[in-house]
Structures are given as structure tokens and as C-alpha cells.
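Engineer: Please find the sequence and the predicted model below.
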Amino acid sequence: MVAGILRQNNIAWSFRKSLVVILPAASRYKELKFVRGILENDPTNSLAWLYLVWFVRMYVKDFLIDTIDTELRDVTDVLKCRDNMHAWCYRQWLVAEKHQNGGDFQSAVSIIREECNLTGQVLADDVKNIYAWSHRKWTMERFGGWKDELMFCQQVLENDIRNTLAWNQFYYNTLVVTLYIGGVFEKLTTF
């Protein structure tokens, strides 16, 4: 019943926000479970995703890194099944938050590997999933890993030469590798 009321009712979510602010810290885990339960039943509920992002951002300091890892696992399950822009955006925020809390080089390398594996699995099922391609691009922009991405794009294009998303990624990565990493950009700007 509550999930039905909260389906697309912005006023109900706003009211919930005002109640959560006065909750003691111990009750915040229950609120997180409540919202996760709504999203398990209806992963396309955009207001629930927006509320979840607000809630975790607001109280991220109350949660341990284990909670962020759990959220990453939960959102991964959603991403493997559906095209869900809100879930991808939420995952990006979680990954950035996790990296910020433990942001060394090893962390960046493991993030690149983890995110590329995830998007690779999604793209294996649906090679034209625009959200997965966007997430790969975001990962490369934020953490690097361009050269491996060129090989991935080449493999996808060998299977489907008309895949415009793979061509866009390939072109973008080629530009980044040649201009920024290859030093061409500095040469062009110092004439």
C-alpha cells in the first residue's frame, strides 16, 4: 500500500524527507532498507531513486564503507536486468564516493576493472545499451584505462560494424589517447 502511494507522488516523498531528518541515526538503516525494498519491487520508480540518492548523500557519513559496498552490489543486480538511467547515475555517485574515501592508485585500478567488467556483462546481453556505454565513458574520464577500452571497442566493432555506440566510444577514446595521453594536444596548443 505504501509503495503504491509513493509510486509517483512527489508530495509523499517530500513529506518522508521531513520525517527522516528527525529520525535518530539508528533508524536510518531501516529507511535505507525500506527504499531498497520499494526499488526491488519497482526498479523504474524515478522518485524512489531520487529519494535514495538524496538520502544516502545526506547521511553518507552515518554509513560505513560496507554500506556503500552493499549499495553497489544491490544496484549491480538492477543494472544487469534493465535500462535504468537512475540506477546508473546512482552507481556513478557510489563509485565516486567510495573512491574519494579510499582514493589511491590501487583503488582506481580496481574500480576500472570492476566497472568495465560490469558494463561488459551488460553489453554482452545488449550491445546497444546506451547507459552502459555512457557509464564506460564516465569510468574512463574519471579513472583512466583508455588503451584497454580501445581494444574492447575494436572487439565489439568486429562483431557489429554498424554499432554507432561502439564507434562513438572508439572515436572518443582514440581522440583522448592521441591528443591528451599521446602529447599531441600540448604540441597543438604551443604553436
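Structural biologist: Yep, it's here.
Engineer: Run a quick neighbour tally on Asn101.
Structural biologist: Asn101 sits with 12 neighbouring residues when counted by other C-beta atoms under 10 Å. In this view, the C-beta of every residue, glycine as well, is placed from N, C-alpha and C.
Engineer: what separates it from Thr67, distance-wise?
Structural biologist: Noted for Asn101: a distance of 11 Å to Thr67, by C-beta to C-beta, to the nearest Å.
Engineer: Likewise for Met151?
Structural biologist: The spacing between Met151 and Thr67, counted by C-beta to C-beta, is 35 Å.
Engineer: Quick one: the helices in this protein, in order.
Structural biologist: For the chain, applying DSSP state H gives helices covering 2-5, 10-21, 28-41, 46-59, 65-81, 85-101, 105-125, 130-143, 146-159, 164-175, 184-189.
Engineer: So which bits of the fourth one are buried?
Structural biologist: Along helix 46-59, these residues count as buried under the neighbour rule (16 or more other C-beta atoms under 10 Å): Leu47, Ala48, Trp49, Tyr51, Leu52, Phe55, Val56, Tyr59.
Engineer: how far away is the second one from Asp126?
Structural biologist: For Ala48, the distance to Asp126 (C-beta to C-beta) stands at 23 Å.
Engineer: try the fourth one
Structural biologist: Between Tyr51 and Asp126 the distance is 27 Å, computed by C-beta to C-beta.
Engineer: With the first one instead?
Structural biologist: For Leu47, the distance to Asp126 under the criterion C-beta to C-beta works out to 26 Å.
Engineer: swap in the third one?
Structural biologist: According to C-beta to C-beta, Trp49 and Asp126 sit 20 Å apart.
Engineer: Below-threshold pLDDT in this structure: ranges please.
Structural biologist: Under the criterion pLDDT under 70, the flagged ranges of the chain are 1-8, 60-66, 80-82, 102-106, 180-191.
Engineer: at 50 instead, please
Structural biologist: Counting by pLDDT under 50, the low-confidence segments of the chain come to 1, 188, 191.
Engineer: what's the spacing between the closest residue to Val20 other than its chain neighbours and Ala132?
Structural biologist: Beyond its immediate neighbours in the sequence, the residue positioned closest to Val20 (C-beta to C-beta, 6 or more residues apart in numbering) is Glu31, lying 5.7 Å away. Noted for Glu31: a distance of 30 Å to Ala132, by C-beta to C-beta.
Engineer: okay, the two: which has more neighbours?
Structural biologist: In terms of neighbours (other C-beta under 10 Å), Ala132 is the more surrounded of Glu31 and Ala132; the figures are 24 against 17.
Engineer: Give me the contacts around stretch 98-114.
Structural biologist: Contacting residues not belonging to stretch 98-114 are listed as Ile65, Ile68, Asp69, Leu72, Val95, Thr139, Met140, Arg142, Phe143, Gly144, Gly145 [C-beta atoms under 8 Å, 6 or more residues apart in numbering].
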